[in-house]
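J.: the sequence isn't on hand, but the structure is:
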């Protein structure tokens with residue numbers, strides 16, 4: 001080998017070494033990047049001194065597990081429809097009549113938009129006729145006492161055209177993905193054994209008329225530009241309120257109404273509107289189980305809707321375990337001046353209404369009134385101590401953002417419709433959590449509450465790396481970090 005050849009060989013070896021070194025260096029840099037992946041955070045404290053405020057980021061690394069440790073295993077469970085609150089008659093009236101056009105547009109952009117400070121509510125609920133949070137009691141087919149209208153010739157959504165419909169349409173214009181569900185508080189009085197919107201049950205002769213009433217509602221609202229994602233057949237069917245519209249409707253009655261009337265009617269029309277059963281508290285899971293065990297009714301029931309005023313959220317898992325093909329939703333839970341909401345405050349609301357409901361299979365969570373005034377109204381009977389997500393001052397239209405607002409915003413602003421709830425360990429010692437994976441970019445979103453009056457330091461593990469975080473006393477935190485690109489892997493519906 002001559003000098004030139006030896007020189008070429010030497011240069012080749014040097015080059016190969018440099019390539020290998022650069023390769024190792026590249027892998028080392030990539031490894032460091034993974035190890036130091038940034039985790040962003042936002043915090044709200046119980047006293048609102050921090051209110052959805054960006055906090056110092058942290059990073060994943062080769063750190064030890066702390067005594068309070070949350071392991072994110074990434075197992076995909078249910079897909080999320082979203083978070084929101086009910087656009088009751090009272091809420092829509094306040095937004096329409098107690099805000100200027102500028103104030104109204106700003107509030108709706110904030111609630112339903114994602115740009116700027118928008119919190120991106122993706123889910124809402126309407127009342128079919130009046131509830132306790134209306135200015136008066138009415139149905140969409142009222143008749144003089146003693147008269148009936150089985151052909152529904154007098155059916156009209158005119159009572160909603162001045163406020164509910166314009167506000168719902170404005171929300172949909174801001175967020176076209178908004179899912180709108182609807183629930184009746186009562187059938188028209190002439191359909192009931194009481195002859196009144198207050199108390200009573202559905203008369204045997206009017207099951208078909210009531211089903212047509214509900215179908216006609218979905219069609220009229222669709223014509224008004226508001227597609228109805230889902231219906232329940234009765235709000236709180238195991239309760240007859242004394243001073244506002246309500247109607248007792250047993251499991252057997254609901255199975256009959258859904259299986260023989262409403263379900264076939266919607267199917268015959270090719271309607272995409274879903275039927276949710278129950279729409280009442282966690283304390284009586286035997287009621288929805290009875291409906292789901294009816295082979296005719298069950299085929300038309302897509303989900304069980306739950307309220308939070310009695311029992312425990314674990315009832316959602318009990319029913320889901322028995323009927324895993326049926327979804328779960330929290331469709332009503334109000335904040336207000338009563339225990340344990342009053343003393344638990346922000347962390348109680350976020351833990352019970354967002355974190356635990358999602359961990360027990362809820363695909364969506366709805367709070368009660370989107371907006372009330374400084375007197376906790378307007379109302380027409382019923383709850384006099386309920387609190388809206390926001391409070392609208394009736395004198396000047398100023399807005400107060402309540403604990404309910406922040407409990408929703410910490411989820412809705414970051415968890416996008418279609419996200420999976422993914423597996424994570426429980427935490428403990430006052431720390432509760434739930435984790436979501438956004439379907440569009442694979443990003444991870446973790447909600448954490450610290451219910452304790454002292455700071456709590458905890459660790460989070462994901463894919464072999466760990467970060468540490470200190471939660472302020474009595475706080476709600478959202479943590480986000482990049483994940484893997486989305487795939488068509490297994491997951492919920």
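T.: Nice, I can see it. Small disclaimer: the values here were computed from a predicted structure and weren't measured.
J.: which residue ranges make up the domains of this structure?
T.: Using automatic domain parsing, the domain parsing of the chain gives 35-77+422-481, 81-414.
J.: deepest-packed of those, please.
T.: domain 81-414 (a mean of 20; mean count of other CB atoms under 10 Å). Just so you know, the C-beta spots here come from the backbone N, C-alpha and C atoms, and that holds for glycine as well.
J.: can you give me the end-to-end span of that domain?
T.: 13 Å (CA to CA, to the nearest Å).
J.: stretch 415-426 now?
T.: Across stretch 415-426, first to last residue, CA to CA, it's 20 Å.
J.: can I get the domains of the chain in CSV with mean pLDDT?
T.: Converted to CSV, the domains of the chain look like this (pLDDT from 0 to 100):
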stretch, mean pLDDT
domain 35-77+422-481, 96
domain 81-414, 98
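J.: which parts of the stretch 101-250 of the chain are strands?
T.: Ranges of strands within the stretch 101-250 of the chain are 123-128, 179-184, 230-232, based on DSSP state E, counting those that start in this stretch.
J.: those strands: which one's closest to residue 393?
T.: Nearest to residue 393, of all the strands of the stretch 101-250 of the chain, is strand 123-128, at 22.4 Å by CB to CB.
J.: who touches the closest one?
T.: Counting contacts by CB atoms under 8 Å, 6 or more residues apart in numbering, the residues outside strand 123-128 that touch it are 81-89, 133-134, 140, 164, 168, 171, 178-185, 214, 217, 221, 235, 331-332, 364-366, 370.
J.: out of these, which are inside helices?
T.: Assigned to helices by DSSP state H, the following of the contacts of strand 123-128 qualify: 89, 164, 168, 171, 214, 217, 221.
J.: just to check, the last one is in contact with residue 215?
T.: Meaning residue 221. No: contact criterion CB atoms under 8 Å: residue 221 and residue 215 do not qualify, at 11.0 Å.
J.: distance of residue 392 relative to residue 221?
T.: Here residue 392 is placed at a distance of 24 Å from residue 221 (CB to CB, to the nearest Å).
J.: er, residue 67 I mean
T.: 52 Å.
J.: just checking, next helix/strand downstream of the helix or strand hosting residue 39?
T.: Element membership for residue 39 (DSSP states H and E) is strand 38-45. Per DSSP H and E, the first helix or strand lying C-terminal to strand 38-45 is strand 53-59.
J.: name the helices or strands packed onto the next helix-or-strand element following that following strand?
T.: For strand 53-59, the succeeding helix or strand toward the C-terminus, using DSSP H and E, is strand 69-79. Packing contacts for strand 69-79, counted by 3 or more CB pairs under 8 Å, 6 or more residues apart in numbering; DSSP states H and E, involve strand 362-369, strand 420-424, strand 431-437, strand 444-450, strand 456-462.
J.: name the strands paired with the shortest one and say parallel or antiparallel.
T.: By that I understand strand 420-424. In the sheet, strand 420-424 lines up against strand 69-79 (antiparallel), strand 431-437 (antiparallel) (DSSP bridges).
J.: would you list these in TSV and tack on distance to residue 322?
T.: Supplementary listing: the strands paired with strand 420-424 in TSV, determined by distance: least, CB to CB, whole Å:
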stretch	distance to residue 322
strand 69-79	16
strand 431-437	23
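J.: could you give the angle of the strand holding residue 39 to strand 444-450?
T.: 40 degrees (axes from the mean of the first three to the mean of the last three CA atoms, to 10 degrees).
J.: and the angle for strand 38-45 with strand 456-462?
T.: Using the same axes, to 10 degrees: strand 38-45 against strand 456-462 is 140 degrees.
J.: show me the contact partners of strand 38-45.
T.: Residues from elsewhere that reach strand 38-45 (CB under 8 Å, 6+ apart): 50-60, 346, 406, 410, 460, 467, 469, 472-482.
J.: ok, now with 7 Å
T.: Residues from elsewhere that reach strand 38-45 (CB atoms under 7 Å, 6 or more residues apart in numbering): 50-55, 57-60, 346, 406, 410, 467, 472, 474-481.
J.: check stretch 141-151 too.
T.: Contacts of stretch 141-151 (CB under 7 Å, 6+ apart): 152, 154, 155, 188, 190, 195, 209, 213.
J.: if you set the cut-off to 10 Å instead, what comes out?
T.: Outside stretch 141-151, the residues that touch it by CB atoms under 10 Å, 6 or more residues apart in numbering are 129, 152-156, 159, 187-191, 195-197, 203, 205-206, 208-209, 212-213, 216-217.
J.: how far away is the residue lying closest to residue 81 once chain neighbours are set aside from residue 476?
T.: In space, and not counting its chain neighbours, residue 81 is closest to residue 364: 4.0 Å by CB to CB, 6 or more residues apart in numbering. Taking CB to CB as the measure, residue 364 falls 19 Å from residue 476.
J.: and residue 217, by the same measure?
T.: Residue 217 is 36 Å from residue 476, by CB to CB.
J.: and if you look at residue 86?
T.: For residue 86 relative to residue 476 (CB to CB), the value is 22 Å.
J.: repeat that for residue 96.
T.: In terms of CB to CB, residue 96 sits 31 Å off from residue 476.
J.: then residue 141?
T.: 44 Å.
J.: cool, and residue 131?
T.: 29 Å.
J.: ok, residue 211 next?
T.: 42 Å.
J.: partners of residue 306 in the sheet?
T.: residue 280, residue 330.
J.: can you give me the distance of it to residue 356?
T.: As defined by CB to CB, residue 306 lies at a distance of 11 Å from residue 356.
J.: please identify every residue contacting each of the two.
T.: With CB under 10 Å, 6+ apart, residue 306 and residue 356 have common neighbours 313, 316, 330, 362, 365.
J.: in TSV: those, plus distance to residue 299.
T.: TSV is the format used below for the shared contacts of residue 306 and residue 356 (distance: CB to CB, whole Å):
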residue	distance to residue 299
313	27
316	21
330	24
362	22
365	26
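J.: return the member of those residues nearest to residue 352.
T.: residue 313 (6.9 Å).
J.: so the closest one makes contact with residue 319?
T.: No: using CB atoms under 10 Å as the test, residue 313 is too far from residue 319 to be in contact (11.3 Å).
J.: name the SS class of residue 324, please.
T.: What DSSP: H, G, I helix; E, B strand; the rest coil gives for residue 324 is coil.
J.: and stretch 460-471, end to end?
T.: End-to-end distance of stretch 460-471 (CA to CA): 12 Å.
J.: same question, stretch 444-459
T.: For stretch 444-459, the first-to-last residue distance is 16 Å (CA to CA).
J.: residues contacting residue 236?
T.: For residue 236, the contacting residues are 183, 185, 246-249, 278-281, 307, 309, 332, by CB under 10 Å, 6+ apart.
J.: how near is the residue nearest to residue 192 when sequence neighbours are not counted to residue 57?
T.: For residue 192, ignoring the flanking residues on the chain, the nearest one in space by CB to CB, 6+ apart is residue 200 at 4.0 Å. Residue 200 sits 58 Å away from residue 57, taking CB to CB as the criterion.
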